[in-house]
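Student: Return a 3D structure for these sequence lines:
(one chain, ligands or ions: 1)
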Amino acid sequence: MKKNNWQTVVVLGAQWGDEGKGKVTDYYASQTHYVVRFQGGNNAGHTIVHNNKTYKLHLLPSGVLHSRNKIVIGNGVVIDPEVLLYEMNKLKKLGKKVNLLISDRAHIIFDFHKMLDMASEKIQKKRKLDAMSTHRGIWPVYSAKTGRIGIRMVDLINPVVFKNKFDLLFEVEKKKLQKVYGYKGRINKQEIFKKYKSYASKLKKYVIDTSLELNNGLDKGKKILFEGAQGAMLDVDFGVYPYTTSSNTTIGAVGTGAGVSPQKIDRVIGVCKAYLSRVGGGALPTELIDKTGELIREVGGEYGTTTGRPRRVGWLDLVQLKMAVRINGLTSLAITKIDILNNLPTIKVCTGYKVGSKVIKEMPADLTVYNKAKPIYKTFKGWGDIGKVKKYNKLPVNARKYLEYIEKEVGIPIRVVSIGPERNETIIK
Ligand code: GDP
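Tutor: Okay, here's the model as predicted:
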């Protein structure tokens with residue numbers, strides 16, 4: 001592991017997503033040659049504020065705002081071609097150059113995947129999973145992928161292969177839609193086929209073996225930023241299952257979703273808010289359902305980038321954060337939105353859970369246990385207003401005490417402290 005002279009850096013969400021990864025990746029992107037997405041699809045949402053302009057991206061990596069970057073959509077990403085073309089056009093109109101490379105192995109989201117996502121809502125509502133889905137067709141496309149009937153970019157751009165694979169996929173998904181989910185609406189095979197053929201002709205020139213490109217780039221000394229979407233607790237394996245997303249959002253996904261060996265990773269940065277928020281159901285022990293929670297939601301703009309839904313907010317949970325540090329092997333933390341806690345009289349942080357008479361310090365897989373978890377808090381004095389300081393030692397002493405407690409508890413350093421949405425509101429420690 002190279003400490004100072006890094007060639008590869010991974011930026012991951014250390015909580016439930018929406019931690020402010022967009023801003024942190026945008027900062028690191030200015031120092032790299034490639035910016036790579038490796039999991040998820042346009043269910044992600046990054047907001048980057050630069051020179052008073054706000055850019056909202058769902059599929060393209062945040063690094064796209066740096067014109068020297070090659071933007072890579074890795075094989076682990078699922079692609080809605082309509083959204084991809086829309087985002088590319090939007091950026092081109094804003095005068096941004098998009099040097100895009102798309103993995104030939106990335107899977108394609110079709111209209112009927114989005115229909116399936118919506119049609120399955122009734123069942124999800126019964127399981128109180130309703131607020132989870134962004135209706136972008138993400139779980140149906142990952143389901144087709146693991147069911148081995150999915151269509152990859154390389155298949156889409158080959159007319160003969162596409163026709164054959166489309167026939168099979170369409171029949172299976174149509175049956176699922178109508179027979180399993182009781183879909184009664186129209187579904188026109190030829191229309192969808194024609195539309196996706198036209199997407200293929202527009203995207204063909206970007207499609208390559210991106211794993212090869214990235215590994216060749218590394219051999220030539222190029223720097224790579226891997227940009228995670230969502231967060232550790234939404235990981236389909238390690239998150240609060242089934243209140244998760246449909247992909248792995250943790251470090252292993254870099255290997256499987258970009259085709260770059262874990263041995264080549266130098267730094268793994270976890271992005272974490274000074275408090276927490278999440279979208280969707282499931283237990284959230286530190287949730288604030290009170291005036292303080294409302295205040296944090298309003299001041300923090302805690303409404304989904306993709307859906308506009310209000311997010312649930314709560315105090316920082318170190319049980320959860322320690323797990324994110326461990327499973328990802330995080331080498332440092334970037335703490336964002338510390339300014340949102342300005343002027344609160346006290347700030348709490350959860351150090352463990354009480355479940356009945358027991359104290360637990362690890363996230364349980366068993367939701368019947370997690371549902372009963374009551375947070376144990378350590379309370380900190382507020383810090384007033386952080387202001388626009390540029391140096392760590394100029395932060396109010398109470399803010400530093402809070403940050404240094406987090407560092408000590410999770411056992412890794414905080415290298416970045418974000419005190420506002422703008423690029424220059426970032427303190428590097
Ligand atoms: P992501 O999905 O992890 O990139 O997070 P989002 O983009 O959904 O949410 C982060 C939001 O917080 C965006 O609107 C950012 O502009 C904003 N943001 C990021 N860092 C800070 C910060 O330190 N302070 C404040 N006030 N806003 C921030």
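Student: After the lowest-mean-pLDDT helix or strand in the chain, which helix or strand is next? Please name it.
Tutor: Each helix and strand of the chain was given a mean pLDDT (mean pLDDT, DSSP states H and E); the minimum falls on helix 121-126 at a mean of 71. Next helix or strand after helix 121-126 toward the C-terminus (DSSP states H and E): helix 138-146.
Student: Need the residues that contact that following helix.
Tutor: 40-41, 43, 78, 107-110, 112-114, 116-117, 120, 133, 150-151, 169, 172-173, 245-247 (Cβ atoms under 8 Å, 6 or more residues apart in numbering). For the C-beta atoms, the positions are set from N, CA and C on the backbone; glycine is no exception.
Student: Now for Lys122, how many residues are close by?
Tutor: 11 (other Cβ atoms under 10 Å).
Student: Nearest spatial neighbour of it, chain-adjacent residues omitted?
Tutor: Using Cβ to Cβ, 6 or more residues apart in numbering and skipping residues adjacent in sequence, the residue nearest Lys122 is Tyr181, 7.6 Å away.
Student: Which parts of this structure belong to which domain?
Tutor: Residue ranges for the domains of the chain, per automatic domain parsing: 8-99+209-428, 107-206.
Student: and of these, who's closest to the ligand?
Tutor: domain 8-99+209-428 (3.2 Å; Cβ to the nearest ligand atom).
Student: any residue of that closest one up close to the ligand?
Tutor: Yes - using Cβ under 6 Å from any ligand atom, domain 8-99+209-428 reaches the ligand at 13, 17-23, 45-47, 49, 301, 305, 336-337, 339-340, 418-421.
Student: which residues sit in contact with the nearest residue to Phe166 once chain neighbours are set aside?
Tutor: Nearest-residue entry for Phe166: Phe193, 5.8 Å, with adjacent residues in sequence omitted and distances by Cβ to Cβ, 6+ apart. By Cβ under 8 Å, 6+ apart, the residues touching Phe193 are Lys163, Phe166, Phe170.
Student: And the pLDDT at Asn51?
Tutor: pLDDT recorded at Asn51 is 71.
Student: Ok, Asn42 next?
Tutor: Looking at Asn42, the pLDDT reads 91.
Student: what's the burial count for it?
Tutor: For Asn42, the neighbour count with other Cβ under 10 Å is 25.
Student: go on, Trp383?
Tutor: Look at Trp383: counted by other Cβ under 10 Å, it has 21 neighbours.
Student: With Lys264 instead?
Tutor: Here the count is done by other Cβ under 10 Å, and Lys264 has 14 residues near it.
Student: mind listing the helices for the stretch 1-150 of the chain?
Tutor: Using DSSP state H, counting those that start in this stretch, the helices of the stretch 1-150 of the chain run over residues 21-29, 81-93, 111-119, 121-126, 138-146.
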